[in-house]
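Undergrad: no FASTA, just this:
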């Protein structure tokens, strides 16, 4: 996440515990696949924690490019496919499944395109001084992790479309699910995204994923509910 290495490592540890509990409580294979969401978030947060350290530790500087791409693949390529796919595996209603199949296909397309783009165009991670960020120890200044993409102008014009497709796959799918509590997954995703856009507009990739990690607790909640109704 964008706040500090300590916060990233702390979040990663908590999410790892939540993920282990969720997988242990799952009773079916689809449930176990769905329950891996917190574990993936844990790896993602731990990766950004090490990335933070690479910005301050010369011994880790050589690892910075690899860590940057690992984090971005998780944040931008894994979730648009993994979220709709795991929810689709839990679904029993045939009509809902057909709609979800389309969303899984959209998510897969987004994942492939993002992976290709990241492999072609370099990305630089930095901690710029932000004069418009929320309260910080030094008034008016705060350090955040910012991912600087070097896309050409033609590619930048497609970012809006990419965002819409990403949202369709990750946020819309939970609302289609026949599992009642699954809708809260979509609510957390949506609120996290809006919060990041409104208050951390220049750091959405990093901040949104941190707040969206809160959905890991929703995943555990859903698993426990499915366990009761199984």
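TA: Perfect, I can see it now. Not measured: the values here are computed from a predicted model.
Undergrad: What segments of this structure are strands?
TA: Taking DSSP state E to define them, one finds strands in the chain at 123-126, 146-149.
Undergrad: Those strands into CSV, with extra columns for mean neighbour count?
TA: Glycine gets a C-beta too; all of them are placed from N, C-alpha and C. Formatted as CSV, the strands of the chain follow (neighbours: other CB atoms under 10 Å):
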stretch, mean neighbour count
strand 123-126, 16
strand 146-149, 16
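Undergrad: who wins for proximity to residue 30 among these?
TA: Closest to residue 30 of these is strand 146-149 (CB to CB; 33.1 Å).
Undergrad: What strands line up against the closest one, and which way round?
TA: strand 123-126 (antiparallel) (DSSP bridges).
Undergrad: Need the residues that contact the strand it pairs with.
TA: With contacts defined as CB atoms under 8 Å, 6 or more residues apart in numbering, strand 123-126 is touched by 51, 55, 64, 68-69, 72, 145-150.
Undergrad: swap in stretch 159-178?
TA: Residues contacting stretch 159-178 (CB under 8 Å, 6+ apart): 76, 79-81, 83-84, 87-88, 90-93, 96, 99-100, 103-104, 106-107, 109-110, 113-114, 151, 182-186, 189-190, 193.
Undergrad: List the buried residues of that stretch.
TA: By neighbour count with 16 or more other CB atoms under 10 Å, stretch 159-178 contains the buried residues 162, 165-166, 168-174, 176-177.
Undergrad: Dump the strands of the chain to TSV, plus distance to residue 20.
TA: Formatted as TSV, the strands of the chain follow (distance: least, CB to CB, whole Å):
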stretch	distance to residue 20
strand 123-126	29
strand 146-149	29
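Undergrad: What segments of the protein are helices?
TA: Counting by DSSP state H, the chain has helices at residues 5-25, 29-34, 37-56, 64-72, 79-90, 94-120, 153-156, 159-167, 173-176, 183-199, 204-212, 215-229.
Undergrad: Serialize these to a markdown table and add fields for mean pLDDT.
TA: Formatted as a markdown table, those follow (pLDDT from 0 to 100):
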| stretch | mean pLDDT |
| --- | --- |
| helix 5-25 | 89 |
| helix 29-34 | 96 |
| helix 37-56 | 88 |
| helix 64-72 | 88 |
| helix 79-90 | 96 |
| helix 94-120 | 93 |
| helix 153-156 | 67 |
| helix 159-167 | 86 |
| helix 173-176 | 96 |
| helix 183-199 | 84 |
| helix 204-212 | 68 |
| helix 215-229 | 91 |
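Undergrad: now do the same end-to-end measure for stretch 170-178.
TA: 16 Å (CA to CA, to the nearest Å).
Undergrad: For that stretch, what is the distance to the chain centroid?
TA: Centroid separation between stretch 170-178 and its chain, computed with CA atoms, centre = their mean, to the nearest Å, is 16 Å.
Undergrad: same thing with stretch 149-162?
TA: When distances are taken as CA atoms, centre = their mean, stretch 149-162 is centred 20 Å away from the chain's centroid.
Undergrad: So residue 219 sits against residue 188, correct?
TA: No: using CB atoms under 8 Å, residue 219 is not in contact with residue 188, being 9.7 Å away.
Undergrad: more neighbours, those two?
TA: Using other CB atoms under 10 Å as the criterion, residue 219 and residue 188 rank with residue 219 on top: 25 against 21.
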